[in-house]
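Engineer: the sequence and its predicted three-dimensional model are supplied below.
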Amino acid sequence: MSHWLIVGAGRGIGLEAARQLSARGERVTASVRSAAGLAALEAAAPQATPLQFDVRDAAAISAAAAQVADPIDMLIANAGAYGPQRQSSTDMDFDGALDLLSVNALGPLRVVQAFLPYVKRSAHPRIVLMTSRLGSMSLDGTFNVAYRASKAGLNKIAQCLADDLRPEGIIVVALSPGRVRTDMGGPNATLHVRDSVAGIIRTVESLTLADTRRYLDYRGEDLPW
Ligand SMILES: NC(=O)c1ccc[n+]([C@@H]2O[C@H](COP(=O)([O-])OP(=O)(O)OC[C@H]3O[C@@H](n4cnc5c(N)ncnc54)[C@H](OP(=O)(O)O)[C@@H]3O)[C@@H](O)[C@H]2O)c1
């Protein structure tokens with residue numbers, strides 16, 4: 001049995017990950033940030049240990065980390081947002097874009113830094129930063145500039161973190177879940193959340209240190225940075 005920390009588990013991909021892992025008998029600690037998220041988590045994964053924080057709030061993350069007692073084997077930094085309505089290169093909501101960078105690019109790093117002491121105590125530690133294909137510098141298209149920039153920033157953070165933690169045997173990857181039918185992905189996305197999450201779990205479990213610093217999709221296939 002492994003100990004998984006799933007961040008952003010009140011709905012969507014994080015909630016389904018907590019559900020599937022708990023159902024399989026894994027040890028799950030999962031974070032939400034609202035009463036509604038907590039209720040959804042308790043209904044879907046009653047055995048999971050809940051934490052509550054917003055990934056923009058370093059003090060709240062530290063307080064939550066202080067409640068954890070055991071090594072964390074898999075840290076899935078999944079919480080993310082899509083950002084403001086106006087986010088084109090010619091018409092940007094700058095306050096909204098800054099907030100999105102704090103959630104999508106820096107939020108995962110705040111979480112990793114706070115929980116790193118527990119990750120270091122695992123025998124086979126893995127850190128997954130949930131990114132997007134839209135964070136790729138080689139993908140064309142100009143819609144959702146703030147979201148793309150936030151995930152491109154997260155990809156760079158994933159590379160740096162992987163290089164810094166490799167000597168300690170900690171695997172770090174940037175992982176895209178595919179286009180998933182959640183609140184964020186919308187009803188026309190190609191993947192059922194159950195299938196994306198099953199693929200993510202399989203991929204994370206198969207990682208070795210040789211995989212660190214990869215940019216992967218939910219099937220474990222490489223994406224172009
Ligand atoms: N769905 C897709 O097609 C798709 C594609 C590529 C990448 N992704 C990425 O996959 C991850 C999960 O997406 P999803 O589809 O499950 O999205 P979702 O259904 O919109 O759920 C987003 C999750 O992130 C949490 N969250 C948002 N802002 C937060 C904050 N400031 N602090 C803490 N938690 C926060 C939400 O909590 P609340 O319920 O409290 O808001 C919710 O649990 C995201 O990083 C997203 O960028 C998704």
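Structural biologist: The structure has been received and is ready for your questions.
Engineer: drop to CA atoms for contacts and neighbour counts, all remaining ones
Structural biologist: Noted.
Engineer: ok, which stretches of this protein are strands?
Structural biologist: When assigned using DSSP state E, the strands of the chain occupy the ranges 3-7, 27-32, 49-52, 74-77, 87-88, 91-92, 126-130, 171-176, 215-217.
Engineer: for the residue most central in space within the chain, what are its contacts?
Structural biologist: Central residue check for the chain by C-alpha atoms, centre = their mean: the C-alpha nearest the mean position is that of Asn78, 2.0 Å away. Neighbouring residues of Asn78 by C-alpha atoms under 8 Å, 6 or more residues apart in numbering: Ile6, Val7, Gly8, Ile13, Gly14, Pro108, Val128, Leu129, Met130.
Engineer: now do the contacts for Pro72.
Structural biologist: Rather than Pro, residue 72 is Ile. By C-alpha under 8 Å, 6+ apart, the neighbours of Ile72 are Ser2, His3, Trp4, Leu5, Tyr118, Val119, Lys120, Arg121, Ser122, Pro125.
Engineer: now the buried members of those residues.
Structural biologist: The neighbour-count criterion (16 or more other C-alpha atoms under 10 Å) marks Ser2, His3, Trp4, Leu5, Tyr118, Val119, Lys120, Ser122, Pro125 among the contacts of Ile72 as buried.
Engineer: can I get these in JSON lines with pLDDT?
Structural biologist: As requested, the buried ones among the contacts of Ile72 are arranged in JSON lines below (pLDDT from 0 to 100):
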{"residue": "Ser2", "pLDDT": "97"}
{"residue": "His3", "pLDDT": "98"}
{"residue": "Trp4", "pLDDT": "98"}
{"residue": "Leu5", "pLDDT": "98"}
{"residue": "Tyr118", "pLDDT": "98"}
{"residue": "Val119", "pLDDT": "98"}
{"residue": "Lys120", "pLDDT": "98"}
{"residue": "Ser122", "pLDDT": "98"}
{"residue": "Pro125", "pLDDT": "98"}
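Engineer: can you list the residues of this protein near the ligand?
Structural biologist: Taking C-alpha under 6 Å from any ligand atom as the measure of proximity, the chain contacts the ligand at 8-14, 32-34, 37, 54-56, 78-81, 103, 130-132, 176-185.
Engineer: for the lengthiest helix in the chain, packing partners?
Structural biologist: Longest helix in the chain by number of residues (criterion: DSSP state H): helix 145-165. Identification of packing neighbours for helix 145-165 by 3 or more C-alpha pairs under 8 Å, 6 or more residues apart in numbering; DSSP states H and E yields strand 87-88, helix 94-100, strand 171-176.
Engineer: for stretch 119-138, which outside residues touch it?
Structural biologist: Under the criterion C-alpha under 8 Å, 6+ apart, residues 71-79, 108, 112, 139, 147-155, 158, 168-178, 204, 207, 223-225 lie in contact with stretch 119-138.
Engineer: and if we set it to 6 Å?
Structural biologist: If you take C-alpha atoms under 6 Å, 6 or more residues apart in numbering as the criterion, stretch 119-138 is touched by 71-78, 148, 151-152, 170-176, 225.
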